[in-house]
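A.B. asks: Quick check, what structure comes out for this input:
(chains A, B and C)
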Amino acid sequence: MTEAHDLVKGNEAVAMGAIDAGCLYYFGYPITPQSDIPEYLSYHLPRVGGEFVQAESEVAAINMLMGAAATGTRAMTSSSSPGISLMQEGISYIAGSEIPTVIVNMSRSGPGLGGIAPSQGDYFQAVKGGGHGDYHLLVLAPNSVQELYELTILAFDLAEKYRNPVMILGDAMIGQMKEPLSRRPPEKGEKASKDWALTGAEGRPQRVLKSLYLKDGELTAHNWKLHEKYKAMQENEIRFEALMTEDADFVLVAFGSAARIARTSVLMAREAGMKVGLFRPITLFPFPEPQLSALAKTGKPFFVVELNTGQMLEDVKIAAAGNRVDFFGKPPGALPTPEEIFEEIKNIYPGTKG
Amino acid sequence: MSEKRVFSRPQTLKDAPFHFCPGCHHGIAHRMVAEAIDKFNLREKTIGVASVGCSVFLYDYFDVDVIEAPHGRAAAVATGVKRARKDRIVFSYQGDGDLASIGIAETVHTANRGENITIIFINNTVYGMTGGQLAPTTLLGQKTTTSPYGRDFMQDGYPIRMTEILATLEGTAFAARVAFTTPKNINMAKKAIEKAFQFQKEEMGFTFVEVLSACPTNWGLNAIDSMKRVEEEMIPYFPLGIFKERKAADVL
Amino acid sequence: MARIEIHQTLCKGCALCTTLCPEELIKIGKQINENGYFYAVFTDNGACKGCALCAKICPDVAIEVWK
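C.D. replies: A predicted model of the protein is given here:
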């Protein structure tokens, strides 16, 4: 029996994933190209006993999210690049206060008002921080409508497991396209303990969620504690897809929508007899550095394709440890075609063999 | 002998000495909020939202669950808490830099949505924790560390009257301004803070109490002269009273 | 017959209580407490009515009233 599929838009798949994950509260502010998410949830959340709040700004939205999630309830926000910039203050506080939250960035293009075309220009912001202080988001980068749905569900589990904000980093292309989706709501299993949640100090000592630590040594200890958490993510949560990398003479590295296009180019190259593989990080933090390093140790050069002028490139170079790394970047404005990338492969490939 | 204790520390206040400067009114406001929580037996049902400024250590003094909000965002955080837990009493406690400057958007929209929360707003006409800089509530002519020639309306505009602004909004159920300058005013302050919590209990909407407060350290005055300044300089510009009190029948 | 008790370790000597006592029973003393403040001292001469104004104005919740 084949599974039932609906033709679903990427943004709606996120919203469906949230509902199926048991998310009850959404706070957000409209911004293209992700407004389908608040629109869908404004209709559906009240029907499952939750609430939708259209905030006065992204600044307010992220702080409302912080408040709702602090009670131990599943809650989320979504936005796109400029709105995510506005949320950075709140994200830093949420990370510091260790409140499980899900934040979706269907990124558009910048800097500034930029445009509404897809871009991967927010990689650094998502992966390297964005807000102030020494913290990390757990960043998931889906490349299909099905994956948007599944990773949204996963995001809620990971947020609670690590008491950390989790970001879904998509873009205008992934969010706006339609694909078949099979909705598979997760089993209602044991969720992570919520012995930190603010529910009123009824018959128990007071609980405090905060990020201010002024006493001697407190903040140092707090930062090391967060660091341990990030290390645990690196050990346990790396996700990636490797396509024909084992026998490859060289390996394309791309995430999200760029990886979709690059995949076609890789298949074209294989058709033309070139041994090319594709490595697609699904978690951008934790970055699959050990897996890329292992590939690098076998002597395979990398070819990074991104919808920007070179951001993930830096992480791939670290993993490559001196091996050859080529780059094809397409800043926002026009998406690369599979043929364009294939042409690049043809230029690079001969020099990469043996 | 049947001697009875008729005035003591409210149960909701922990047994911890305040870090506030001598003569600072935060301590009086803290006690009154704690007394209101005690009066309605809400301690185990209350979630507080701390703001940024001298009052950030709310959780060191109030024996309730507390979340610490970013600067100015306490009303938004309180909105999130209350939406997720409507059966809890949610209050934020914010200074004038926090609420009337960086957080004015969150404050106004929270009131306008009629969020069923309580905000205690401490107006002492100055940024306390950062060392006495100009606040949106600084009085005309008042010298601060960033208005060394005195506040000039041509440069900084006029001091902002938050209670009056919020009282104009339909979502606001109760808005009052109080002070501690006389026994009568102290009693009025206590009643206003109680009423705010009572209104929240009765789900009447957004409740707001502005407390005119002294900051002796940053005003360069002793506690007694600071109290006089509240009475003689602040009250004439920031009049005391209840500016909005919704009747149950008014709820749309 | 009433009296107050001033918790001297909590008192910061701001003297607000001294301004409200109708019987002028509170003064700032000559001793300093562990925090270095000259703390308020109550003269228990039987005149205290237990009105609690001192306690209500005290920013440090340092005063208890007994009646």
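
A.B. asks: Show me the contact partners of the helix or strand of chain A with the lowest mean pLDDT.
C.D. replies: Least confident helix or strand, chain A: helix A:338-352 with a mean of 91, by mean pLDDT, DSSP states H and E. With Cβ atoms under 8 Å, 6 or more residues apart in numbering or on different chains as the test, helix A:338-352 has contacts from A:249-250, A:252, A:261-262, A:264-266, A:268-269, A:272, A:274, A:276, A:301, A:303, A:305, A:324, A:326, A:328. Any C-beta I mention is one placed from the backbone N, CA and C, and that applies to glycine too.

A.B. asks: anything in the helix or strand containing B:Ala29 near chain A?
C.D. replies: B:Ala29 belongs to helix B:26-39 when assigned by DSSP states H and E. No. For helix B:26-39 and chain A, the contact criterion (Cβ under 8 Å from any Cβ of the partner chain) is not met; the two come no nearer than 11.2 Å.

A.B. asks: For chain C, what lies in contact range of chain B?
C.D. replies: So chain C meets chain B at C:2, C:9-10, C:12-16, C:19-20, C:37, C:50, C:52-53, C:55-61, C:63-67 (Cβ under 8 Å from any Cβ).

A.B. asks: Any of those residues buried? List them.
C.D. replies: The neighbour count (16 or more other Cβ atoms under 10 Å in any protein chain shown) marks C:2, C:10, C:12-16, C:19-20, C:37, C:52-53, C:55-61, C:63-67 as buried among those.

A.B. asks: pLDDT on the one helix or strand B:Thr107 maps to, on average?
C.D. replies: Secondary structure assignment for B:Thr107, by DSSP H and E: helix B:104-112. Helix B:104-112 carries an average pLDDT of 98.

A.B. asks: Where is the longest strand in chain C?
C.D. replies: strand C:26-32 (DSSP state E).

A.B. asks: what's next to that strand, contact-wise?
C.D. replies: C:4, C:6, C:13, C:15, C:17-18, C:38-43, C:54.

A.B. asks: related to what we said a few turns ago, how far is the least confident helix or strand of chain A from where the chain is centred?
C.D. replies: On the basis of Cα atoms, centre = their mean, to the nearest Å, helix A:338-352 sits 28 Å off its chain's mean C-alpha point.

A.B. asks: Next, the buried residues of it.
C.D. replies: Buried, per 16+ other Cβ under 10 Å, within helix A:338-352: A:338, A:340-342, A:344-345, A:348-349, A:352.

A.B. asks: hey, C-alpha coordinates of that helix in PDB?
C.D. replies: The C-alpha trace of helix A:338-352 is given here as PDB (Å, rounded to 0.1, in the frame of the first residue of the first chain):
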ATOM      1  CA  PRO A 338      22.100  22.400 -12.800                       C
ATOM      2  CA  GLU A 339      23.900  23.000 -16.200                       C
ATOM      3  CA  GLU A 340      25.900  26.000 -14.800                       C
ATOM      4  CA  ILE A 341      27.200  23.800 -11.900                       C
ATOM      5  CA  PHE A 342      27.800  20.900 -14.300                       C
ATOM      6  CA  GLU A 343      29.900  23.200 -16.500                       C
ATOM      7  CA  GLU A 344      32.000  24.100 -13.400                       C
ATOM      8  CA  ILE A 345      32.300  20.400 -12.600                       C
ATOM      9  CA  LYS A 346      33.600  19.800 -16.100                       C
ATOM     10  CA  ASN A 347      36.200  22.600 -15.600                       C
ATOM     11  CA  ILE A 348      37.400  21.300 -12.300                       C
ATOM     12  CA  TYR A 349      37.100  17.500 -12.600                       C
ATOM     13  CA  PRO A 350      40.100  16.800 -14.900                       C
ATOM     14  CA  GLY A 351      42.500  18.500 -12.400                       C
ATOM     15  CA  THR A 352      41.100  16.500  -9.500                       C
END
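
A.B. asks: Tell me how many other residues crowd the residue nearest to B:Asp63 when sequence neighbours are not counted.
C.D. replies: Closest residue to B:Asp63 apart from its sequence neighbours, by Cβ to Cβ, 6 or more residues apart in numbering or on different chains: B:Lys14 at 5.0 Å. By other Cβ atoms under 10 Å in any protein chain shown, 15 other residues sit near B:Lys14.

A.B. asks: Then the one 4 residues further on?
C.D. replies: As a burial measure, B:Phe18 scores 21 neighbours (other Cβ under 10 Å).

A.B. asks: That one should be in a helix, yeah?
C.D. replies: No. The assignment for B:Phe18, made by DSSP: H, G, I helix; E, B strand; the rest coil, is coil rather than a helix.

A.B. asks: My guess is it contacts C:Asp60. True?
C.D. replies: Yes. Counting by Cβ atoms under 8 Å, B:Phe18 touches C:Asp60, with 5.7 Å between them.

A.B. asks: residues bridging contact with the two, i.e. touching both?
C.D. replies: With Cβ under 8 Å, 6+ apart as the test, B:Phe18 and C:Asp60 both reach B:Gly27.

A.B. asks: Domain-wise, how is chain A divided?
C.D. replies: Structural domains annotated on chain A: A:6-236, A:241-352, as defined by automatic domain parsing.

A.B. asks: Which one of the ones you listed lies nearest to B:Ala36?
C.D. replies: domain A:6-236 (15.9 Å; Cβ to Cβ).

A.B. asks: Can the one helix or strand A:Ala159 maps to be said to contact chain B?
C.D. replies: Per DSSP H and E: A:Ala159 is located in helix A:145-162. No. With Cβ under 8 Å from any Cβ as the criterion, chain B is not reached by helix A:145-162; the gap is at least 14.7 Å.

A.B. asks: Beyond that helix, next helix or strand please.
C.D. replies: Past helix A:145-162, the next helix or strand by DSSP H and E is strand A:165-171.

A.B. asks: downstream neighbour of that following strand in the secondary structure list?
C.D. replies: Heading C-terminal from strand A:165-171 (DSSP H and E), you reach helix A:172-176.

A.B. asks: Show the average pLDDT along the next helix or strand after that following helix.
C.D. replies: Remark: after helix A:172-176, the chain's next helix or strand is strand A:178-181, criterion DSSP H and E. Mean pLDDT, computed over strand A:178-181, is 97.
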